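[1] what follows is a predicted protein model with its sequence.
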Amino acid sequence: MKNFNLIKITKIVLLTLLSVATFAAKPPAKKPNYSIVFPQNKVNTLEIMLSKKQWDSVRADMKRKYGNDFGQVGMPNMRKISPSNFGNEGMLNFGKGEPNYVSVSVKFRGKTYPNVAFRLKGNSSLMMSWGRGVYKLPFRLDFSEFEQNKKNQKLYGFEKLSFSPSMSDKSLIREKVTADIFRAAGIPAAQTAFYKVYIDFGEGKKYCGVYTLVEVIEDTMVKNQFDTKVSVGNIYKPESNFTQFKKEQFEKKNNKKQADWNDVKAFVNALNSTERTTNEIKWRTDLEKTFNIDHFIKWLAVNNVIVNWDTYGALPHNYYLYHSPTEKLTWIPWDNDQSLGLKMEMPEGFKPPDGFKTSEGFKPPAGFQPPMMGGPMGKGTSLSMKEVGKDWPLIRFIAEDVFYYAKYKQYVQDFNNKVFTQDKMNALFEKNHRLITPFVIGNEKEQKPYSHLNKSEDFILELEKLKEHVAKRNKEVAEFLK
């Protein structure tokens, strides 16, 4: 009996020691510290160090994929996403795939993080920044991509981060405040914060101005704002307008080993069911089993009021779908730098020749004009949505359904009266504009070729344009609701 007890005690001791050793080798993951990484009342500083060899590697990769070197204005290589009719389920993206990651060092709050993955990101914003030779480029950081022990290195609990240079926004605050507006209206959206960014491209540290840091949806946003585990439901970043289900249009951001797209397939099939015109009650019921339609209608109301054109309804991108266990597929807005009435401006002389062809031989339709050049897709969806055609069924069917359209109008009214008021928006704009002013036109002034601003006056005047936009939309909403 004594030997038995001795063996038992020995096992317990060994298991305890093993447990302690395991804990020491792999400490529990720290929760994301939003107050440090996403402060709302200060501007953080971030430094990124690339060697000349790494910067040369970035340039070579971009030239290979985009067709032109840094500072060369021209028509870059393009690729077609989701082959189908242009403007329907297909769209043009610049470049032959995403840029490569390179290993860099990142300095934040006095600590240097080695071997961080850095890559350029974006579509038209990247193409235009690159072609103009502006070093204030959009980029992403991944703190664990090159780490042997994946997910061990994080920045105060954040593994991935996205940085937007607000390339065509002279106020530099649209990406930031639009996310705030969505959340104020009850629409979960990525957290945002301002950063002063310094980058060494291999020849010394340069001030690249004020960026907007945007939380990555699949990294922390879903878990934080939906109060669930990211691994529970699928997260998609689609390139689809939902006229039909095509697996390649729904890029998975998690659960990648599970070859299961049944949730989005069920949603698209329910949306396009012929019962919409034969049995509308059953159509609504089936649709609501797969998709949080009420949430989408609220997003649609907010998006139309503020005028945010670079998303579903003009182009089939810049949104996520998250399969919440309790709320079905739920819409998450993304990439809001073209919001609040902004239209992207192409650089002078940057006009594709008539009948240009992409790298895959795809020829756009006659008379096609990209939205950022003032084309029809550059206009936001009207409040009435009467002009929206069959190419955008999720909007078109809401506009045609008496029940859903009434709900949409109520959300428009609620948002306009309770959130999108001149007093609240002016205060929001002024607070954020004032916060970054010292680092845009003050002692730490943005300057070419490390800024997209042509002159300081543009930054100041854009604040007034934002205020005027709100006042104008308030009147237009009032007219629409009569």
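    Nice, thanks for sending it over.

[2] per-residue confidence for V210?
    Listed pLDDT for V210 reads 98.

[3] tell me the contacts of it?
    Listed by C-beta atoms under 8 Å, 6 or more residues apart in numbering, the contact partners of V210 are 43, 166, 172, 194-197, 436, 439-440, 446. Placement of C-beta: from N, CA and C, glycine included.

[4] check which helices and strands whichever helix or strand F415 is part of sits against.
    Assigned by DSSP states H and E, F415 belongs to helix 402-418. Counting contacts by 3 or more C-beta pairs under 8 Å, 6 or more residues apart in numbering; DSSP states H and E, helix 402-418 is packed against helix 280-290, helix 293-306, helix 393-400, helix 456-480.

[5] how far away from the center of its chain is it?
    Centroid separation for helix 402-418 versus its chain: 25 Å, with C-alpha atoms, centre = their mean, to the nearest Å.

[6] can you mark which positions in it are buried?
    404-405, 407-409, 411-416 (16 or more other C-beta atoms under 10 Å).

[7] which residues in this structure form strands?
    44-49, 78-81, 91-94, 102-108, 111-120, 139-142, 160-164, 192-200, 205-215, 235-238, 250-252, 319-324, 328-333 (DSSP state E).

[8] just give the strands next to the first one in its sheet, each with its orientation.
    Strand 44-49 has its sheet partners listed here by DSSP bridges as strand 102-108 (antiparallel), strand 192-200 (parallel).

[9] and the longest one with strand 111-120, angle?
    I take that to be strand 192-200. 90 degrees (axes from the mean of the first three to the mean of the last three C-alpha atoms, to 10 degrees).

[10] what's the answer for the first one, then?
    Interaxial angle, strand 102-108 versus strand 111-120 (the same axes, to 10 degrees): 140 degrees.

[11] any idea of the angle strand 102-108 forms with strand 160-164?
    80 degrees.

[12] let me know the average pLDDT across strand 102-108.
    For strand 102-108, mean pLDDT rounds to 97.

[13] tell me the spacing between Q244 and L46.
    43 Å (C-beta to C-beta, to the nearest Å).

[14] before we move on, what about V402?
    Taking C-beta to C-beta, one finds V402 at 51 Å from L46.

[15] counting neighbours, what do you get for the nearest residue to R140 once chain neighbours are set aside?
    Excluding the flanking residues, the one nearest R140 by C-beta to C-beta, 6 or more residues apart in numbering is K121, at 4.8 Å. Other residues near K121 come to 15 when the count uses other C-beta atoms under 10 Å.

[16] low-confidence ranges, the stretch 251-400 of the chain, go.
    Within the stretch 251-400 of the chain, the stretches falling below the threshold (pLDDT under 70) are 344-378.

[17] quick one, domains of the chain?
    42-223, 226-480 (automatic domain parsing).

[18] could these go into CSV alongside distance to S35?
    Output for those, formatted as CSV (distance: least, C-beta to C-beta, whole Å):
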stretch, distance to S35
domain 42-223, 9
domain 226-480, 16
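
[19] which one of these lies nearest to N33?
    domain 42-223 (4.0 Å; C-beta to C-beta).

[20] how long is that closest one end to end?
    25 Å (C-alpha to C-alpha, to the nearest Å).

[21] what do you get for stretch 166-185?
    Where stretch 166-185 begins and where it ends lie 23 Å apart, using C-alpha to C-alpha.
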